[in-house]
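K.L.:
I would like the atomic coordinates for the input below:
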Amino acid sequence: MPFADLYRGKRVLVTGHTGFKGAWLCEWLLALGAEVTGFALPSPTTPALFNQLGLEDRLCHIEGDVRNLDAVRAAVSAARPDLVFHLAAQPLVRLSFEQPVETFGANVMGTVHVLEAVRLAADPVRPCGVVAVTTDKCYENREWIHGYREEDPLGGHDPYSASKGAAELVIAAYRRSFFSSPTSPVRVASARAGNVIGGGDWAPDRIVPDCIRALGRGGAIPVRNRVATRPWQHVLEPLSGYLWLGAALSQPVPAGFDFPAASYASAFNFGPGLASNRTVAELVEEVLKHWPGRSEDRSDPRAPHEARLLNLATDKAHHLLGWSPVWPFAETIAQTIAWYRRAAEVGPGPGINAFTVGQIEAYTLAAQGAGRAWAGASPSSGSIRRSGESSSPPSVQRVEPWQAAQLASAFREDEDWGSALDSLQATEEAR
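P.N.:
Prediction:
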């Protein structure tokens, strides 16, 4: 059962739920049976995944700004959360050059406000875990070829990166000052993820949305920095890490988490395997395999600074959480482009919602086949299902990696998730 069924019936507050990662996280939490409250500004883009999935009608939606402490305190009071996932932020590097004050306000003081609101609402009878999400860019980037570890120095060349490094200092200060006691009802961890891609990201100045916008209108994909290397990963990869880390912050610590509780109330990297550290040019080439078109070099020597090399080491997540990435680079791109092509066909609403849930299920099955602890032993006992279905998907006793890949491919070609599962079972019986 995914995440040991720890989210069923849990009250979860997600800040930044109207954003790209926040919307995917809310969809997954709802599928896991959580009671979700979201706190964020209105959807930042048009279109927006939050609106495409119709999430406003399926959770408690509170509009507000994390820079307003009173508003954050009111949201925490209303949600009475068992877990908080803090994702609200100004998330764009290039925009941070244009809006540095707003960036530091949202990313640093926003984090202060969320932690302060949780501190003031702390209740020994109702423990609360907090997963505060920052970024791989919080590290002082020295253009190393090896990955950054959680204990490496924090820093940041640009306002966005510096704001996230500062947010990590805030998180560490609150943890040590207010939540370090073994009897504290609050446990706080931070999560640092690499470059996240996936269906439903419509942000400006990001390479995958730039690809989709250009291909959709029949134009050339503008490529600003062809040689920059990034740890590309599907959005479901870090989200599975956030959810499993949130489970580890539960009190008492659930079975299967064998390290001291304080080990989990700390910083964790969530990034892809080394083979997914690719250049922007390689990513664009892979995109064009699934949506034919062309690209053109738009390099500008006067453009704001962007790092050329950036990798994460995820040993800590592997050893303490049993977490490792699941989808390889090619599958990550295939799933991402499949989502956008499907969205173009069916538009917002139940069709793209079902496809999104189907990708979550395909990822979970692949994780089961790869032996990931968070994914559970049997997908038949999981709670993820298509909207409107009243029963779980057909049972698959064990999904091997080749089966999971086949299932994911079948679902990209067939919107009927049940048929894809039936086809996989028939193949297994024939074997």
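K.L.:
can you dump the C-alpha atoms of stretch 134-146 in PDB for me?
P.N.:
C-alpha atoms of stretch 134-146 as PDB (Å, rounded to 0.1, in the frame of the first residue of the first chain):
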ATOM      1  CA  THR A 134      13.500  24.600  -1.100                       C
ATOM      2  CA  THR A 135      15.700  23.700  -4.100                       C
ATOM      3  CA  ASP A 136      19.000  22.300  -5.300                       C
ATOM      4  CA  LYS A 137      20.000  25.900  -6.100                       C
ATOM      5  CA  CYS A 138      20.300  26.600  -2.300                       C
ATOM      6  CA  TYR A 139      23.900  25.400  -2.400                       C
ATOM      7  CA  GLU A 140      26.900  27.600  -3.100                       C
ATOM      8  CA  ASN A 141      27.400  26.400  -6.600                       C
ATOM      9  CA  ARG A 142      31.100  25.900  -7.400                       C
ATOM     10  CA  GLU A 143      30.400  24.200 -10.800                       C
ATOM     11  CA  TRP A 144      31.600  20.900  -9.300                       C
ATOM     12  CA  ILE A 145      31.100  17.800 -11.500                       C
ATOM     13  CA  HIS A 146      30.100  15.800  -8.400                       C
END
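K.L.:
what mean pLDDT does that stretch have?
P.N.:
Average pLDDT, stretch 134-146: 85.
K.L.:
one more: stretch 332-349?
P.N.:
Stretch 332-349 shows an average pLDDT of 97 in the prediction.
K.L.:
count residues in the vicinity of Gly322, would you?
P.N.:
15 (other C-beta atoms under 10 Å). Quick note: C-beta positions are derived from backbone N, CA and C, even for glycine.
K.L.:
same thing with the one 10 residues further on?
P.N.:
When neighbours are counted by other C-beta under 10 Å, Thr332 registers 25.
K.L.:
name the residues of the helix or strand that contains Ala366 that are buried.
P.N.:
Using DSSP states H and E, Ala366 falls within helix 350-369. Residues of helix 350-369 classed as buried: 352-369 (neighbour count, 16 or more other C-beta atoms under 10 Å).
K.L.:
where in the chain is the helix or strand with the lowest mean pLDDT?
P.N.:
Least confident element among the helices and strands of the chain, by mean pLDDT, DSSP states H and E: helix 401-413 (a mean of 43).
K.L.:
hmm, back to that, counting by contacts, list what the helix holding Ala366 packs against.
P.N.:
helix 20-31, helix 236-248, helix 329-346, helix 401-413, helix 417-430 (3 or more C-beta pairs under 8 Å, 6 or more residues apart in numbering; DSSP states H and E).
K.L.:
after the first one, which helix or strand is next?
P.N.:
Sequence-wise, the next helix or strand downstream of helix 20-31 (DSSP H and E) is strand 35-40.
K.L.:
can I get whatever helix or strand comes next after that next one in CSV, CA atoms only?
P.N.:
Next along the chain after strand 35-40, taking DSSP H and E as the criterion, comes helix 49-52. The C-alpha coordinates for helix 49-52 follow below in CSV (Å, rounded to 0.1, in the frame of the first residue of the first chain):
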residue,chain,number,x,y,z
LEU,A,49,-2.6,22.8,-13.8
PHE,A,50,-4.6,23.6,-10.6
ASN,A,51,-7.5,24.8,-12.8
GLN,A,52,-7.1,22.1,-15.5
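K.L.:
by contact count, what packs against helix 49-52?
P.N.:
helix 20-31.
K.L.:
the stretch 151-300 of the chain: strands as residue ranges?
P.N.:
186-193, 196-197, 220-223, 229-231, 233-234, 267-270, 277-279, 294-297 (DSSP state E, counting those that start in this stretch).
K.L.:
let me have those in CSV, extended by distance to His113, mean pLDDT and mean neighbour count.
P.N.:
CSV is the format used below for the strands of the stretch 151-300 of the chain (distance: least, C-beta to C-beta, whole Å; pLDDT from 0 to 100; neighbours: other C-beta atoms under 10 Å):
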stretch, distance to His113, mean pLDDT, mean neighbour count
strand 186-193, 14, 97, 25
strand 196-197, 24, 97, 26
strand 220-223, 37, 96, 18
strand 229-231, 30, 87, 23
strand 233-234, 29, 97, 28
strand 267-270, 20, 98, 25
strand 277-279, 35, 92, 20
strand 294-297, 41, 95, 14
